[in-house]
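build me a structure from this.
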Amino acid sequence: MDGAKPAAAAGGKHGLDEALLQIVHQHHHQALRQRQQTERAKKDALRSAVRVADLLVDTVDGGVQELFVNEKRIELEARALLGTIARYRKQTDQWLAATSAINSVLKCGYLFLGTSSISNGALLPKITSVEISEEFCDVRGVGGNLGEE
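Numbers count the residues shown, from 1 in each chain. As a prediction, this is how the structure comes out:
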């Protein structure tokens, strides 16, 4: 029986070595699978973080870009308004000068016609407003001072 025990012990030792080897092998495969899953999860997380960062940058940049576009549009509209205001100011000054000249001419012409021997104003269509203001007002001695006679 002594001979049977060493053979059984040797077979048990061999089975134990195989079981231990199998456990180590399984542990190695599980660790490898776990490492691969961890690496995949890291890559997915990194991709997601990059995507979120890109979306945030696009959102912020889009808002900033929209602000710059609006600012540029407002600036162009302001310049156009300043040009329009300058044009209207010039036109207003021209209208004021023209109406002032017409008023002066009418006052001088009225003063002259009211006191002259020309009763129907037959000469007036042939005389320009500049001539009226220069000739009639100077002839009457008004000379631009309408309040004085």
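
could you dump stretch 69-87 to PDB, C-alpha only?
C-alpha atoms of stretch 69-87 as PDB (Å, rounded to 0.1, in the frame of the first residue of the first chain):
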ATOM      1  CA  VAL A  69     -22.300  90.100 -36.400                       C
ATOM      2  CA  ASN A  70     -24.900  92.100 -34.600                       C
ATOM      3  CA  GLU A  71     -22.300  94.700 -33.500                       C
ATOM      4  CA  LYS A  72     -21.100  95.000 -37.100                       C
ATOM      5  CA  ARG A  73     -24.700  95.400 -38.300                       C
ATOM      6  CA  ILE A  74     -25.500  98.000 -35.700                       C
ATOM      7  CA  GLU A  75     -22.300  99.900 -36.600                       C
ATOM      8  CA  LEU A  76     -23.200  99.900 -40.300                       C
ATOM      9  CA  GLU A  77     -26.700 101.100 -39.500                       C
ATOM     10  CA  ALA A  78     -25.300 103.800 -37.200                       C
ATOM     11  CA  ARG A  79     -23.000 105.000 -40.000                       C
ATOM     12  CA  ALA A  80     -25.900 105.000 -42.500                       C
ATOM     13  CA  LEU A  81     -28.000 107.000 -40.000                       C
ATOM     14  CA  LEU A  82     -25.200 109.500 -39.500                       C
ATOM     15  CA  GLY A  83     -24.900 110.000 -43.200                       C
ATOM     16  CA  THR A  84     -28.700 110.400 -43.500                       C
ATOM     17  CA  ILE A  85     -28.600 113.000 -40.600                       C
ATOM     18  CA  ALA A  86     -25.800 114.900 -42.300                       C
ATOM     19  CA  ARG A  87     -27.700 114.900 -45.600                       C
END
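
tell me the mean pLDDT for that stretch?
When pLDDT is averaged over stretch 69-87, the result is 96.

what's whichever strand or helix holds Leu56 packed up against?
Per DSSP states H and E, Leu56 falls inside helix 4-115. Secondary-structure packing of helix 4-115 (3 or more Cβ pairs under 8 Å, 6 or more residues apart in numbering; DSSP states H and E): helix 129-131, helix 137-140. Any C-beta I mention is one placed from the backbone N, CA and C, and that applies to glycine too.
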